[in-house]
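> Got a predicted model here, sequence first, then my questions.
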Amino acid sequence: MELELPAREPDAAQQPKKVFVKTYGCQMNVYDSQRMADALAADGYVSTHTVEDADLVLLNTCHIREKAAEKVYSELGRIRQLKAERAAAGRETLVGIAGCVAQAEGGEILRRAPVVDLVIGPQSYHRLPDHIRRVRGGDKVVETEYAIEDKFEKLPALRKAAVRARGVTAFLTVQEGCDKFCTFCVVPYTRGSEVSRPVHQIVAEAERLAEAGVREVTLLGQNVNAWHGEGPDGVEWGLGRLLFRLAEIPGIARLRYTTSHPRDMDDALIAAHRDLPALMPYLHLPIQSGSDRILKAMNRRHKADDYLRLIERIRAARPDMAMSGDFIVGFPGETDADFEDTLRIVREVGYAQAFSFKYSQRPGTPAADHELQVADVVKDERLQRLQSLLTSQLNAFNTSVVGRSCPVLIEKPGRKPGQIVGRSPWLQPVILDESAGRIGDIVDTRISHVSGNSLFGQAA
């Protein structure tokens, strides 16, 4: 008679390494975090949602505002303690800083936070497995030299299982960098000059997303509507033509893009909003200030009236267009009159959603050295007034869709049993009964009421 031996615990050396990625900042960082996880998966790592369980901790950072960078150093303090505790138990933990803080500060991060083993800029993620092996060999690695084209050419192939786990919506980077040099912004210094990803790469990635069950794709870029590239017909394409091509892919039902610059909103893109049903009627088009004087100081290269005329053209092409924007209050030299101009343009446009921030001095940008810095107490008061106005517009827009019917893409289960959550064409969360459909379905829905920032509806 044979005895059945108890199963042995696998040796730690045989267990797959686990990586924890924490993302700060914009949607492009979310996309980059996903692609870092893909690159590491090809090297044997599995993702974990628990930092305490990770062999490798990566913080994918944002450098747009001062507080975002300080949050990273605060997080590193907690990770330092975790790393010491695990080292005492004989388990190695590697720590990496990625993203725009990594690009901007480089080796200074290692000096300020010795717990860090790896500093890697946003254009080098395809080399991440090689750098991790160097770190495991005892090196401290700082990698901030880059060519964006190299990153695009060598991104790892998407894994269908990973895409399915992320859901029925996905981001897809088509453009990186910025040539606008707004005087408040670090992006040209951390992401480099504008580079457009080739058409064939974008289409191939979108096709793989569709094959994995993605129904909605959001195209990403620092100035996404500046994207351009040679199409398979040999003709120079702009973003409008690219959107038409992506809409031809079976399974892709919805398209969005962000973030746009007013100067790059051309006739072909406006026409796409008019003629392409898959292109959702929601546009994030930042202006930052309503004052021509401040816009000039920001180097935005347009006036408030230029922006308003552009909005008129867009809404003439797509009357149900919901507008989103960004605003900075307290830019150096901003007077009460300048701020009133900002409030005026907000009232004229009528935003469905907007993001507003106090001006933050970023080292290396022209505005950081401006003599006329605005006092924090003034910034706080202006931000409160602006956000109050924007919140009232958000509430008014949500209320305006009550009683209407619209197609809702079902994305995930709801927080409460028996509920599912989807998105309206205007990016609002919509809560439905689970009997309305399955995840990935697009359901004609009548909006019944609003609660908080969510809409509630019934399948029509």
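Received it, and whenever you're ready, just let me know what you need.
> since we're on A368, how many residues are nearby?
16 (other C-beta atoms under 10 Å). (Glycine included, C-beta is placed from N, CA and C.)
> Just to check, it is in contact with R362?
Yes - proximity of A368 to R362 meets the contact threshold set by C-beta atoms under 8 Å, at 5.8 Å.
> which residues in the stretch 351-460 of the chain form strands?
Assigned by DSSP state E, counting those that start in this stretch, the stretch 351-460 of the chain shows strands spanning 353-358, 405-413, 419-423, 429-433, 442-451, 454-459.
> Mind jotting down where the strands sit in the stretch 201-350 of the chain?
Using DSSP E, counting those that start in this stretch, the strands found in the stretch 201-350 of the chain span residues 216-220, 228-230, 236-238, 254-258, 282-284, 322-329.
> Report the rounded mean pLDDT for the longest one.
Summarised as a single mean, pLDDT over strand 322-329 is 98.
> in that strand, what counts as buried?
For strand 322-329, a neighbour-count test (16 or more other C-beta atoms under 10 Å) marks 322-325, 327-329 as buried.
> right, so of the strands of the stretch 351-460 of the chain, which gets closest to A317?
Judged by C-beta to C-beta, the one of those that comes nearest to A317 is strand 405-413, at 19.0 Å.
> now the longest helix along the chain and strand 454-459, what's the angle there?
Looking across the chain with DSSP state H, the single longest helix is helix 376-400. Interaxial angle, helix 376-400 versus strand 454-459 (axes from the mean of the first three to the mean of the last three C-alpha atoms, to 10 degrees): 10 degrees.
> Tell me the gap between helix 376-400 and the middle of its chain.
Offset of helix 376-400 from its chain centre (C-alpha atoms, centre = their mean, to the nearest Å): 22 Å.
> how big is the angle separating that helix from strand 322-329?
Here helix 376-400 runs at 170 degrees with respect to strand 322-329, directions being taken by the same axes, to 10 degrees.
> Could you pull out the buried residues of helix 376-400?
Buried, per 16+ other C-beta under 10 Å, within helix 376-400: 379, 382-383, 385-387, 389-390, 393-394, 397-398.
> So which elements touch that helix?
Under the contact definition 3 or more C-beta pairs under 8 Å, 6 or more residues apart in numbering; DSSP states H and E, helix 376-400 sits against strand 322-329, helix 336-349, strand 353-358, strand 442-451.
> So which of the ones you listed is nearest H49?
With C-beta to C-beta as the yardstick, what comes closest out of these is strand 353-358 (26.5 Å).
> roughly how far apart are the residue nearest to R315 when sequence neighbours are not counted and V30?
Among residues not flanking R315 along the chain, M321 sits closest, at 5.3 Å (C-beta to C-beta, 6 or more residues apart in numbering). Counting by C-beta to C-beta, to the nearest Å, the gap from M321 to V30 is 25 Å.
> again with R65
Using C-beta to C-beta, we find R65 at a distance of 17 Å from V30.
> and what of D369?
Applying C-beta to C-beta to D369 and V30 gives a distance of 32 Å.
> Please name the nearest non-neighbouring residue to R166.
Q34 (6.9 Å).
> ok, that neighbour - contacts?
162, 166, 171 (C-beta atoms under 8 Å, 6 or more residues apart in numbering).
> Show only the entries of the residues you listed found in helices.
Counting by DSSP H, those place 162, 166 in helices.
> Looking at the contacts of Q34, state which has the most neighbours.
F171 (20 neighbours).
> Can you tell me the element the nearest residue to it once chain neighbours are set aside falls in?
Take F171 and drop its neighbours on the chain: the residue closest to it by C-beta to C-beta, 6+ apart is Y31, 4.2 Å away. Assessed by DSSP states H and E, Y31 sits inside helix 27-41.
> Can you name the next helix or strand after that helix?
From helix 27-41, the next helix or strand downstream (DSSP H and E) is strand 46-47.
> before we move on, back to that, give me the distance between the residue nearest to R166 and I64.
Applying C-beta to C-beta, the value for Q34 to I64 is 20 Å.
> where does the protein have low pLDDT?
Counting by pLDDT under 70, the chain has low-confidence residues at 1-14, 66, 68, 146-151, 154-158, 160.
> please redo it, this time with the cut-off set to 50
1-12 (pLDDT under 50).
> so what's N395 up against?
By C-beta under 8 Å, 6+ apart, the contact set of N395 is V450.
> can you do 10 Å?
Contacts were defined as C-beta atoms under 10 Å, 6 or more residues apart in numbering; by that measure N395 touches 450, 452-453.
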